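Asker: need the 3D shape of this:
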Amino acid sequence: MTRALVETLKKVLKARGMTYADLALALRVSTPTVKRLFSRRTFTLERLEEILKVLELDFYELARMSHGRRSGPAELSLEQEAALARDARLFSVFWLLCNEWRFDEIVAEFRLGAAQITSYFARLERLRLIDWRPGNRARLRVPKRYVWRAGGPLRKSYGLRVISEFMRARFDAPQDAFHFEAQDLSPESAIVVKRRLEKVAAEINEMVEIDAATPAKKRVTLGVLLACRPWNISIVHALRADAEAPKKTTA
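Answerer: This next block holds a predicted model:
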């Protein structure tokens, strides 16, 4: 079994609040046995299936999570973006699926009947965004960590709305955080900051995968805005312009 798969299993265990001892109890084996499995990566197929059952995962999901840890964000096709941009409800359903909502949870929580959700699932499948499986199970056919195309349909339709709605808050609730820095850095340090933000984004998406088994109602939809660019507040630009303006001479 690959190191990446084992590391992903460890992360899922941690997210579930389970220790090796807890897993050993569920498997009816000793704790040292479980420790050896993870340290030597000597999982039989039968033992792996037992562990996945305890963690409420299947191998496809484990492999996808493991792959997601190594791959970077990708873009949807122009056709896919355009379809999602034209229909806000279709985009909303796809967004929920990307956040691990199940068919029955969407029906129960939102003002959309089962027939409507079924039609959206069918459209998403035709767009090759999901695989629609028996029992109304949907699996993404595109990377979970997709990014909106620069100047593409999604940014044009939803970009300004997302930013304005997100920033229209006081950020003073217990789960809120707001930190804004505008500091002078070297170009090399600016690249380091960018890479670290990308790493944080990857870790957030990894948590989404790990928390997928938690019922939707027990999860919180957390908005996180990660951005950086060369920037100065307009009043600073104005100060520079004032300083550079030729001084008036008196006759």
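Asker: so which residues of the stretch 51-200 of the chain form strands?
Answerer: With DSSP state E, counting those that start in this stretch applied, the stretch 51-200 of the chain shows strands at 74-75, 130-133, 137-140, 146-147, listed in chain order.
Asker: would you mind writing the CA trace of the third one as CSV?
Answerer: The one in question is strand 137-140. Taking C-alpha atoms only, strand 137-140 is exported to CSV below (Å, rounded to 0.1, in the frame of the first residue of the first chain):
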residue,chain,number,x,y,z
ARG,A,137,-25.0,8.9,-5.2
ALA,A,138,-22.9,11.4,-7.1
ARG,A,139,-19.2,11.3,-7.5
LEU,A,140,-17.2,14.2,-9.1
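Asker: among the strands of the stretch 51-200 of the chain, which comes closest to F110?
Answerer: strand 137-140 (15.3 Å; C-beta to C-beta). For every residue, glycine as well, the C-beta is placed using N, CA and C.
Asker: which SSE is immediately downstream of the helix or strand L13 falls within?
Answerer: L13 is part of helix 3-15, with elements assigned from DSSP states H and E. Sequence-wise, the next helix or strand downstream of helix 3-15 (DSSP H and E) is helix 20-27.
Asker: now that next one: how far from the chain's centre is it?
Answerer: Going by C-alpha atoms, centre = their mean, to the nearest Å, the spacing between the C-alpha centre of helix 20-27 and its chain's C-alpha centre is 29 Å.
Asker: so which elements touch that helix?
Answerer: helix 31-40, helix 45-55 (3 or more C-beta pairs under 8 Å, 6 or more residues apart in numbering; DSSP states H and E).
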